[in-house]
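1. What follows is a predicted protein model with its sequence.
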Amino acid sequence: MALKRYKGGSGTLVVLEHASKILKDNPLGDPHVRKLAVWLPPQYDEGSKRRFPVLYDLVGFTGSGLAHTSWKPFGDNVPERAARLIREEKMGPAIFVFPDCFTALGGNQYVNSSAIGDYADYLTREIIPFVDRGFRTLAAREHRGCFGKSSGGYGVVLHAMKYAKYWGAIADHSGDAYFDFVYWHDWPNTLNELAKHRAPKRKPGAYDALRESSRKGLAEGLDDGRIKRFLAHVWKKEKLSTAEGHCIMNLCMAATYDPDPKAPLGFRVPFNLESGEAIGRRWSKWREHDPINLVAKYRDNLKSLRGIYIDCGWRDQYHIHYGSRILAKRLAQAGIGHRYEEFDDNHSDVDYRMDVSLPFLYRALKP
């Protein structure tokens, strides 16, 4: 059912409602009925039989697909950008899809997780066929691509590796990679934020470090209650502090990379919440999901793609440019064709890089 339809000289934006069977009863209790935006290019004529390539936009952490269709200051939103690129003949007409994959943990990495929900299946098994049924798409993997930034960039790379039968080309902007650099350094701040919800509250004076760090489950990455209290606290708020935002992001990553249905809250963390000591077995679970460690395993899937585009600013404040370089290096070592670019910027507000990636994707996917 189309909830809204916006039509103009720059194409038509259709907002649909989709009831997901896969997300129903998800672990976080997030809505299973989601809005889905689909942008149709000006060349999409209701009376025509012409079919178009499809590009899926996987947004970054704390984002939702609909946000990329909203008004944007000092620049284009994605439909406006696509319309301009088509008008300037830098790319041909394509359909754009904007799924909503937001969660109570601030987002997800577009993979399946027993602690968050099966968002890879949601995209591939529900949204793709839903769009192909409702619109004149070129409903084949060779003409379907996805692009994203940050967590969305991670998602498109993992989909290229694990779900290549659905995608013909991908574009990764500043996607999470090289977890030892990207995530590790921020965990002390996360532990400090969680410590505010420790019970009992700290008091000045003698501290039994052995006893405190040995409390039940801490050495195995289990929550002693402070994570649960932190989440209850932020879920009551409308505005999170920067520290709280980074903290819930790291918890979302833990729920993505190390889910455990038997653990409190359904996941484990890679550090002792009290002592801050790294837990080797737990961190190894994270590294198993790091794209730089998966190239060899999924070499054949990656080689089957018609296009792989990666870029990153060389001043990325999360140090993702190092992970992007390692990923590009390992793709080259594996003989996997790709295009890697760097630019003079950081992680924030780099949507202008789509002026490069979207034409790349269209060229790879056009009939």
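-> That came through fine.
2. Identify the residues contacting Ser20.
-> His32, Val33, Arg34, Tyr122, Glu126 (CB atoms under 8 Å, 6 or more residues apart in numbering). All C-beta atoms are positioned from the backbone trio N, CA, C, and that covers glycine.
3. Disregarding flanking residues, what is the spatial nearest neighbour of it?
-> His32 (4.7 Å; CB to CB, 6 or more residues apart in numbering).
4. The one you found touches Glu17, doesn't it?
-> No: His32 lies out of contact with Glu17 (CB atoms under 8 Å); the separation is 11.3 Å.
5. Look at these two and report which has more neighbours.
-> Using other CB atoms under 10 Å as the criterion, His32 and Glu17 rank with His32 on top: 16 against 12.
6. In contact with the more buried one, which residues are there?
-> With contacts defined as CB under 8 Å, 6+ apart, His32 is in contact with Ala19, Ser20, Lys21, Leu23, Lys24, Asp25, Asn26.
7. In strands, which of the contacts of Ser20 appear?
-> Val33, Arg34 (DSSP state E).
8. Closest one to His197 out of the contacts of Ser20, please.
-> His32 (29.4 Å; CB to CB).
9. Just among the contacts of Ser20, which is most surrounded?
-> Tyr122 (25 neighbours).
10. what sits against the closest residue to Ile248 other than its chain neighbours?
-> Nearest non-adjacent residue to Ile248, counting by CB to CB, 6+ apart: Gly106, 5.1 Å away. Applying CB under 8 Å, 6+ apart, we find Gly106 in contact with Phe61, Thr62, Gly245, Ile248, Met249, Cys252.
11. Pull out the buried residues from those residues.
-> Among those, the ones that count as buried by 16 or more other CB atoms under 10 Å are Phe61, Thr62, Ile248, Met249, Cys252.
12. Format the residues you listed as a markdown table; extra columns: distance to His321.
-> Formatted as a markdown table, the buried ones among the contacts of Gly106 follow (distance: CB to CB, whole Å):
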| residue | distance to His321 |
| --- | --- |
| Phe61 | 18 |
| Thr62 | 21 |
| Ile248 | 24 |
| Met249 | 19 |
| Cys252 | 22 |
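13. Tell me the one of the residues you listed nearest Gly337?
-> Out of those, the member with the shortest distance to Gly337 (by CB to CB) is Phe61, at 29.0 Å.
14. Phi, psi for the closest one please.
-> phi -60, psi 140 (degrees, to the nearest 10).
15. From Gly107, how far out is it?
-> Per CB to CB, to the nearest Å, Phe61 is found 4 Å from Gly107.
16. what touches both of those two?
-> Contacts common to Phe61 and Gly107, judged by CB under 8 Å, 6+ apart, are Ser151, Cys252.
17. these two touch, right, Tyr322 and Phe181?
-> Yes: between Tyr322 and Phe181 there is a contact at 5.3 Å, judged by CB under 8 Å.
18. quick one: which of those two has more around it?
-> Neighbours were tallied for Tyr322 and for Phe181 using other CB under 10 Å; the higher tally belongs to Tyr322 (18 against 15).
19. What's the mean pLDDT across the host helix or strand of the more buried one?
-> Assigned by DSSP states H and E, Tyr322 belongs to helix 320-333. The pLDDT scores in helix 320-333 average 98.
20. I'd like the numbering to begin with 32 instead of 1 from here.
-> Got it, the first residue is 32 from now on, which makes the last one we talked about helix 351-364.
21. could you point out which element follows it?
-> That would be, after helix 351-364 and using DSSP H and E, strand 370-374.
22. relative to helix 351-364, how tilted is that next one?
-> Counting by axes from the mean of the first three to the mean of the last three CA atoms, to 10 degrees, strand 370-374 points 160 degrees away from the direction of helix 351-364.
23. tell me which strands and helices strand 370-374 is in contact with?
-> In terms of contacts (3 or more CB pairs under 8 Å, 6 or more residues apart in numbering; DSSP states H and E), strand 370-374 is packed against strand 338-344, helix 351-364.
24. hmm, try it at 6 Å
-> Packing partners of strand 370-374 (3 or more CB pairs under 6 Å, 6 or more residues apart in numbering; DSSP states H and E): strand 338-344.
25. sorry, back to before: from the contacts of Ser51, which is closest to Lys234?
-> His63 (45.0 Å).
26. show me the contacts for Asp331.
-> Counting by CB atoms under 6 Å, 6 or more residues apart in numbering, Asp331 touches no other residue.
27. Likewise for Leu89?
-> Contacts of Leu89 (CB under 6 Å, 6+ apart): Tyr141, Cys177, Gly179, Gly183, Gly186, Val187.
28. out of those residues, which are inside strands?
-> Among these, the members falling in strands (DSSP E) are Cys177, Gly179.
29. Using JSON lines, please lay out the contacts of Leu89 together with pLDDT and distance to Asp163.
-> Below are the contacts of Leu89 laid out as JSON lines (pLDDT from 0 to 100; distance: CB to CB, whole Å):
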{"residue": "Tyr141", "pLDDT": "98", "distance to Asp163": "19"}
{"residue": "Cys177", "pLDDT": "98", "distance to Asp163": "14"}
{"residue": "Gly179", "pLDDT": "98", "distance to Asp163": "20"}
{"residue": "Gly183", "pLDDT": "98", "distance to Asp163": "21"}
{"residue": "Gly186", "pLDDT": "98", "distance to Asp163": "20"}
{"residue": "Val187", "pLDDT": "98", "distance to Asp163": "19"}
